[in-house]
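*Asks:* Okay, structure incoming, though there's no sequence with it:
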């Protein structure tokens, strides 16, 4: 999985006349190994654990490249904090977000996807990507 994602990211960087440096490779590997959603600060911590020379600025610049390359998805679940998750090798899913405790529940629903596709066709709209987030209270907070 990592070698496939690394190849995609490397090809993306080449098109931008950028190199896959050892620090970018470390950040990429830490992002791909991360479970679930993670913040830039968490990625910085993971990456510094692997290479203490990695700076906050390098993580933020690399995060932007990882997002632009389609390697990571960026989510805004409210509160002004962006979270990231792997985009490669995962099925599309949507999110429930608890507005009290911040819990994020991932779900897949083919009926919702089909309805979105039908509505897009009806409106003659070509969907390139989408993100569905539903905000409310989880079972522990309601």
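*Replies:* Everything's here; your move. Everything numeric in this text was worked out from a predicted model, so none of it was measured. Numbering: from 1, shown residues only.

*Asks:* Can you measure across stretch 18-26, start residue to end residue?
*Replies:* In terms of Cα to Cα, to the nearest Å, the two terminal residues of stretch 18-26 are separated by 16 Å.

*Asks:* so residue 27 sits right up against residue 47, yeah?
*Replies:* Yes - if you go by Cβ atoms under 8 Å, residue 27 and residue 47 touch, sitting 5.0 Å apart. Quick note: C-beta positions are derived from backbone N, CA and C, even for glycine.

*Asks:* what about residue 14, distance to residue 31?
*Replies:* Residue 14 sits 19 Å away from residue 31, going by Cβ to Cβ, to the nearest Å.

*Asks:* right, I mislabeled it, should have said residue 78
*Replies:* Computed as Cβ to Cβ, the residue 78 to residue 31 distance reads 22 Å.

*Asks:* So for the two, which sits in the more crowded spot?
*Replies:* Legend: neighbour count by other Cβ atoms under 10 Å for residue 78 and residue 31, higher for residue 31 (24 against 11).
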